[in-house]
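Asks: Starting from these lines, generate the structure:
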Amino acid sequence: MPSGRVAVVTGGTGPIGRAVSERLAQEGHAVVVNYRHDEARAREVLAAVRRHAPGSILIRADVTREAEVARLVEGAASLGRIAVWVNNVGDFLWKPFLETTLAEWRSILDSNLTSAFLCAQAALPRLREGGGVLIQIGTMHAEMLRAVPQTVAYGAAKAALLVLTKSLAKSEARYGVRVNAVNPGFVEGTHLPPEGSSLPFGRLARPEEIAGAVAFLASNEASYVTGAVLNVHGGALL
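Replies: Model prediction:
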């Protein structure tokens, strides 16, 4: 029988997705770990998550496809009330603009932006039922609109993701839904910083540090926080 609070993490098998899934499980959520390809890794993540939340499950779905997003939402709702949705999916592309193909451009926008659009449209009716939280995972460059010539497609998608975040924060507040974003910097296990990048702490972020920011925004401690962009880049852009 459905019971308790449910959190959905798209792209739940990557370093950030896994850390977020585990942390939300520790915070008392039954977690739906979404994945697309690597079932073996997904099962490893689920085993770690179930140490804290035994009722957690895996759902395989390509969140750039509307029908699969609908299936993901229905599967999550079967566990209980969807209280938190984390849009973590987002492929990365490091390539000069003139060498970027149309297929690559579309793929990066679909992965980082269209997926968030589809998930928000499908999940918001559920989140409205009990005053839920939608959290987007962006990138540290997005809000400042810095010029990074090798990541034009990725940067454009993440900047648009923040427009989506703030627009939804304003429109969904009347329904008790909070919408925020976490902008990570350079994180262990993800793409490495370009040569010469400034890392004031002298190290990459740990995935758990990104998950901590997500957990705060998902908690009652952030009950009056919406439309916020929480940068977790260790001072790299200061």
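
Asks: Next SSE downstream of the longest helix anywhere in the chain?
Replies: Counting residues, the longest helix found in the chain (DSSP state H) is helix 152-172. The element immediately downstream of helix 152-172 (helix or strand, assigned by DSSP states H and E) is strand 178-184.

Asks: Can you give the distance of that following strand from its chain's centre?
Replies: Averaging C-alpha positions (CA atoms, centre = their mean, to the nearest Å) puts strand 178-184 8 Å from its chain's average.

Asks: So what touches that strand?
Replies: Residues outside strand 178-184 that contact it (CB atoms under 8 Å, 6 or more residues apart in numbering): 16, 132-140, 142-143, 161-162, 165-166, 168-169, 172, 190, 205, 210, 213-214, 217, 222-223, 225-233. In this view, the C-beta of every residue, glycine as well, is placed from N, C-alpha and C.

Asks: before we move on, what about stretch 62-82?
Replies: Here stretch 62-82 has contacts from 2-8, 10-11, 30, 32, 34, 36, 55, 57, 59, 61, 89, 110-111, 114-115, 118-119, 122-123, 126-127, 129-130, 132, using CB under 8 Å, 6+ apart.

Asks: So which of the contacts of strand 178-184 are in helices?
Replies: Those of these mapping onto helices are I16, L161, L162, T165, K166, L168, A169, E172, I210, A213, V214, L217, per DSSP H.

Asks: Just give the nearest non-adjacent residue to T64, would you?
Replies: Residue nearest to T64 in three dimensions, not counting chain neighbours: D110, with 4.5 Å by CB to CB, 6 or more residues apart in numbering.

Asks: List the contacts of the spatially most central residue of the chain.
Replies: Nearest to the geometric centre of the chain sits N88, at 2.2 Å (CA atoms, centre = their mean). N88 is in contact with V9, T10, G11, G12, G14, I16, G17, V20, I137, counting by CB under 8 Å, 6+ apart.

Asks: rewinding a little: count the neighbours of the residue nearest to T64 for me.
Replies: By other CB atoms under 10 Å, 19 other residues sit near D110.

Asks: R50 too?
Replies: 16.

Asks: OK, contacts around it?
Replies: By CB under 8 Å, 6+ apart, the neighbours of R50 are A25, S56.

Asks: Please apply the same query to A42.
Replies: For A42, the contact set (CB under 8 Å, 6+ apart) comprises G12, T13, V33, Y35, L58, R60.

Asks: Is the first one in contact with V45, as I believe?
Replies: Put plainly, it is G12. Yes - with contacts counted by CB atoms under 8 Å, G12 reaches V45, the gap being 6.0 Å.

Asks: Restrict stretch 187-204 to CA atoms and write it as CSV.
Replies: Output in CSV follows, covering the C-alpha atoms of stretch 187-204 (Å, rounded to 0.1, in the frame of the first residue of the first chain):
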residue,chain,number,x,y,z
VAL,A,187,32.6,17.6,-8.7
GLU,A,188,34.5,14.3,-8.2
GLY,A,189,33.6,11.7,-10.7
THR,A,190,32.3,14.1,-13.3
HIS,A,191,34.1,16.1,-16.0
LEU,A,192,37.4,17.6,-14.9
PRO,A,193,38.0,21.3,-14.7
PRO,A,194,39.9,22.9,-17.7
GLU,A,195,43.6,23.5,-17.2
GLY,A,196,44.1,26.7,-15.3
SER,A,197,40.8,26.7,-13.5
SER,A,198,40.8,28.3,-10.1
LEU,A,199,39.8,26.0,-7.2
PRO,A,200,40.2,28.1,-4.0
PHE,A,201,39.8,25.0,-1.7
GLY,A,202,42.4,23.2,-3.8
ARG,A,203,40.1,20.3,-4.5
LEU,A,204,37.0,19.2,-6.3
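
Asks: Cool, thanks, talk later.
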